[in-house]
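A.B. asks: Need a 3D model of the following:
(chains A and B)
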Amino acid sequence: MAGKQKEKDHKVKCLVWDLDNTLWRGTLLEDKEVMLIPEAVELIKTLDDRGILQSIASKNDHPLAEKKLRELGLFDYFLYPQINWDAKSQSIQKIATLINIGIDTLAFIDDQAFEREEVSFSHPQVLTIDAALVAQVAELAVMRPQFITEDSRRRREMYQSDLRRKEVEEGFSGPQDAFLETLGMVLTISQAKQDDLKRAEELTQRTNQLNTTAYTYDYDELAVFSTSSDYLLLVAGLDDKYGTYGKIGLVLVEKRGQTWLIKLLLMSCRVMSRGVGTVMINYLRNMARAAGVALEAEFVQNDRNRMMYMTYKFNHFREKEKRDNWILLENDLSRVQVYPPYMKLITDEM
Amino acid sequence: MSTIEDAVRSFLGQFVSDPDVEGDHDLFSSGMVNSLFAMQLVLFVEKQYGITVANEDLDYENFKSVNAIVGFIQSKQ
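C.D. replies: Numbers count the residues shown, from 1 in each chain, chains lettered A, B, ... in the order given. Model (predicted):
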C-alpha cells in the first residue's frame, strides 16, 4: 500500500474521496465529459454496506460537483462533502470534527501524491491511499469492521437523519419538553432475538459512557442469556419522525428467585438527552412489580459513567452495598412514575 | 421569592412549559421532568453554586421539587 500506514490496527470509520481522476476519469472544470471509474463506485457501495462512512475532499467548484454527483446518483453517499479550494488537510480536519470521530479513524484516497503528502504531513494518523489501488481497498483489514449488523448498513442514513434533527433542535426556541414532543419518538423494547445478538455484542464493547457496569459479553454468552429462563435480555430501538436511531439500548437482567438483578444497562451516546434511560428503567420497575419481585442493580463506577449512576438514583434506586467501585443498588418500587408524554413505548407481550 | 428559587425556576423553565408550579409539587412522579432533567439540574447546581454533589447527595429527595432543590443548595452553602 502506498502512503503511510501508522496505527494499522485502527479500523477506518470514514473514507474521504478526491473526485477528479479518483472517483471519475477527467477534470470536471476542464473536460466536457467525465467518466465514472467502475471500481470506485463499487468500493463506495461496498463500504456503505459495511457501515463505513464516506466523505469528499475535492478542490472543485461546489455547485458544479454537487450537480454532477446528483446526476450520477452518488451524492447521498457522502457526509459533509468538502468541495472547495482549501488545503485538503483542512477539509479532512473539518470532516472529522463534523462527524465527531477521531481523525485517526479517517482514510483518504487521491490520485495525486502531492495531496496525499499534504494530508499526511498535517495528519500522520490518517491512512492515505493512492487512487490507482482503488480495486484493492475493500480487502484491507482496516476496512473490515469487526461487526457488520443491520445497524451498520443503516449507519449513513442514521447520521443523515441526525443531521436534520440537530438543525431543527438548534433552531428551536422553547423548553426542552416541547422540542422532544415534536420528534414523535417511539421506543421499542423487546426480548433479544438471534438477529439482535451481534449488535448486542457490539453495544457491550463499544458503549462506554452510558453504561452502568461496562461488563462485556460475547455472542455465545448473549445467545445463552437470550434463551435462558434465568435471564432477561432486552434490546431497545428508537425511531422518530426523522428516521431510525437503530438498536440503541441493551439490558441484561439476572433472575435470582425473588430478586431481579440488572447486570447491565447501556445505551448509545447518540440518544443522550432523549430520556431513554428513564423509560427503560420505568419499564423494568413495572415488570418487576408485575412479577412480584424486588429489583436490584449493579453499578461499576468509572470516570465516564456518572450519568448512569444519576439515572439510577433519580429513578428510585438506593445504595445497598458498596465495595470499592462496585455498588449494589435496590429499587423502591412503591414509588410509581408515569411515562413521559413525549415518547411512545412499544413492547412485546411478555 | 429568594434568588436561589428564582434561579431554579428559571432553569426549570428551559425544560418545561410551566415552571410556576407549587414549591412542593413532585416534579418527577408527575411526569413533568425526568432523569435527563435531573442530570442537567445536578450539573447546574454544581456549576452555579460551586457545590460538589457527592454520590450520597444524589438522592431523589434532594431534587424532587423546587423547595427540595432550594433547601439542598442552602444546606450546602
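
A.B. asks: Report the contact partners of residue 29.
C.D. replies: I went with chain A, as the question did not name one. Contact analysis of residue A:29 by CB atoms under 8 Å, 6 or more residues apart in numbering or on different chains lists A:60, A:61, A:64. C-beta here means a position set from N, CA and C on the backbone, and glycine is covered the same way.

A.B. asks: was after chain B, sorry
C.D. replies: Contacts for residue B:29 (CB under 8 Å, 6+ apart) come out as A:335, A:336, A:337, A:338, B:64.

A.B. asks: would you say it is within a helix?
C.D. replies: No: applying DSSP: H, G, I helix; E, B strand; the rest coil, one finds residue B:29 to be coil, outside a helix.

A.B. asks: Please report the distance of it from residue B:20.
C.D. replies: When distance is defined by CB to CB, to the nearest Å, residue B:29 is 19 Å away from residue B:20.

A.B. asks: Could I get the phi/psi values of the closest residue to residue B:26 other than its chain neighbours?
C.D. replies: Spatial nearest neighbour of residue B:26, excluding adjacent residues (CB to CB, 6 or more residues apart in numbering or on different chains): residue B:64 at 5.3 Å. Torsion angles at residue B:64 (phi, psi; degrees, to the nearest 10) stand at phi -70, psi -20.

A.B. asks: Tell me, how many residues neighbour residue B:64?
C.D. replies: Using other CB atoms under 10 Å in any protein chain shown, residue B:64 has 20 other residues around it.

A.B. asks: correct me, but it touches residue B:23?
C.D. replies: No: using CB atoms under 8 Å, residue B:64 makes no contact with residue B:23, being 11.3 Å away.

A.B. asks: what stretches of chain A score poorly on pLDDT?
C.D. replies: A:1-9, A:349-350 (pLDDT under 70).

A.B. asks: Can I get the lengthiest helix in chain B in CSV, CA atoms only?
C.D. replies: If you go by DSSP state H, chain B has its longest helix at helix B:35-49. C-alpha atoms of helix B:35-49 as CSV (Å, rounded to 0.1, in the frame of the first residue of the first chain):
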residue,chain,number,x,y,z
SER,B,35,-33.8,11.9,35.0
LEU,B,36,-32.5,13.7,31.9
PHE,B,37,-33.6,16.9,33.6
ALA,B,38,-32.2,15.6,36.9
MET,B,39,-28.7,15.2,35.5
GLN,B,40,-28.7,18.6,33.9
LEU,B,41,-30.0,20.0,37.2
VAL,B,42,-27.2,18.4,39.2
LEU,B,43,-24.7,19.9,36.7
PHE,B,44,-26.4,23.3,37.0
VAL,B,45,-26.3,23.2,40.8
GLU,B,46,-22.6,22.3,40.8
LYS,B,47,-21.6,24.9,38.3
GLN,B,48,-23.8,27.8,39.5
TYR,B,49,-23.2,27.4,43.3
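
A.B. asks: buried stuff in whatever helix or strand comes next after it?
C.D. replies: Using DSSP states H and E, the helix or strand that follows helix B:35-49 in sequence is helix B:60-63. By 16 or more other CB atoms under 10 Å in any protein chain shown, the buried positions in helix B:60-63 come out as B:60, B:62, B:63.

A.B. asks: In contact with residue A:277: list those residues for me.
C.D. replies: Residue A:277 neighbours (CB under 8 Å, 6+ apart): A:210, A:265, A:267, A:308, A:311, A:315, B:35, B:36.

A.B. asks: Helices - which of those land there?
C.D. replies: Among the contacts of residue A:277, the members falling in helices (DSSP H) are A:308, A:311, B:35, B:36.

A.B. asks: Please tabulate the residues you listed in CSV and include neighbour count and distance to residue B:7 as additional columns.
C.D. replies: Converted to CSV, these look like this (neighbours: other CB atoms under 10 Å in any protein chain shown; distance: CB to CB, whole Å):
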residue, neighbour count, distance to residue B:7
A:308, 26, 27
A:311, 26, 24
B:35, 26, 21
B:36, 24, 20
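
A.B. asks: do the lowest-mean-pLDDT helix or strand in chain B and chain A meet?
C.D. replies: Lowest by mean pLDDT, DSSP states H and E among the helices and strands of chain B is helix B:35-49, with a mean of 88. Yes: using CB under 8 Å from any CB of the partner chain, helix B:35-49 comes into contact with chain A via B:35, B:36, B:37, B:38, B:39, B:42.

A.B. asks: follow-up on the earlier one: residues contacting the longest helix of chain B from elsewhere in the structure, which ones?
C.D. replies: By CB under 8 Å, 6+ apart, the surrounding residues in contact with helix B:35-49 are A:176, A:273-275, A:277-278, A:281, A:307, A:310-311, A:314-315, B:7, B:11, B:15, B:27-28, B:51-53, B:58, B:63, B:69, B:72-73, B:76-77.

A.B. asks: need the residues of chain B near chain A, please.
C.D. replies: Residues of chain B lying close to chain A (CB under 8 Å from any CB) are B:13-17, B:28-39, B:42, B:55, B:58-60, B:63.

A.B. asks: Narrow the residues you listed to just the buried residues.
C.D. replies: B:15-16, B:28, B:32-39, B:42, B:58-60, B:63.

A.B. asks: Which of these sits closest to residue A:56?
C.D. replies: The closest of these to residue A:56 turns out to be residue B:36 (CB to CB; 35.9 Å).

A.B. asks: Spatially nearest residue to residue A:299 (excluding sequence neighbours)?
C.D. replies: Residue nearest to residue A:299 in three dimensions, not counting chain neighbours: residue A:327, with 4.4 Å by CB to CB, 6+ apart.

A.B. asks: So the one you found: helix, strand or coil?
C.D. replies: Secondary structure assignment for residue A:327 (three-state DSSP): strand.

A.B. asks: wait, doesn't it sit right on residue A:298?
C.D. replies: Yes: Residue A:327 lies in contact with residue A:298 (CB under 8 Å); the separation is 7.3 Å.

A.B. asks: Which helix or which strand is home to the residue most central in space within chain B?
C.D. replies: In chain B, the centroid-proximal residue (CA atoms, centre = their mean) is residue B:69; its distance is 4.2 Å. Following DSSP H and E, the helix or strand that holds residue B:69 is helix B:66-76.

A.B. asks: which parts of the stretch 251-350 of chain A sit against chain B?
C.D. replies: Counting by CB under 8 Å from any CB, the residues of the stretch 251-350 of chain A lying close to chain B are A:273-275, A:277-278, A:281, A:307, A:309-311, A:313-316, A:318-319, A:335-341.
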